[in-house]
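Trainee: Provide a 3D model corresponding to the input given below.
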Amino acid sequence: MSLSTQSLYATALREVGGGVGSDTFNDSFINAVNCALDELSDEADLATRITHITAVGSKITSLNTFDWYILYAGVIYFLIRMGNRPSDPKTAMAVYQDSERRWENAKGNYSMRATNALNACSTDDVTKWGHLTDT
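Mentor: Sure, this is the predicted structure:
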């Protein structure tokens, strides 16, 4: 179980027009990933926070490859907030609002997955007045 950030980086670079990957964009990408990971940890109320990355080509061991689109939505949202957006104010606002909407949906999906994983055992789920983590 792990998710590599290398393809995420290449796709984000193309979407927000980060040029050929300057040091500034690389730093912004790492910060955007870490911001997204922090929000996912908070949104899902994880007891153990998702570990930050320190390089563009890192592997995130607590996420699966099917979580790619979730993290991608967060990375784009934070890159746009960090200034990687069109210079035209109207276009920039539309791009920001679209990224915010995609990120909110993705966080909801991640949170629901985390809740479903906790309720995976049919004898301990909330419909039977228990919860998998109750002891």
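Trainee: now Arg49: how far from Trp103?
Mentor: Using Cβ to Cβ, to the nearest Å, Arg49 is found at 18 Å from Trp103. (Glycine included, C-beta is placed from N, CA and C.)
Trainee: How far does the strand or helix carrying Met112 sit from its chain's centre?
Mentor: According to DSSP states H and E, Met112 maps onto helix 89-118. Chain-centre distance of helix 89-118: 9 Å, with Cα atoms, centre = their mean, to the nearest Å.
Trainee: Mind giving me the packing neighbours of it?
Mentor: helix 23-43, helix 68-81 (3 or more Cβ pairs under 8 Å, 6 or more residues apart in numbering; DSSP states H and E).
Trainee: now the ones you listed in CSV, with mean neighbour count and mean pLDDT?
Mentor: As requested, the helices and strands packed on helix 89-118 are arranged in CSV below (neighbours: other Cβ atoms under 10 Å; pLDDT from 0 to 100):
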stretch, mean neighbour count, mean pLDDT
helix 23-43, 18, 94
helix 68-81, 22, 96
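Trainee: Alright, that wraps it up for me.
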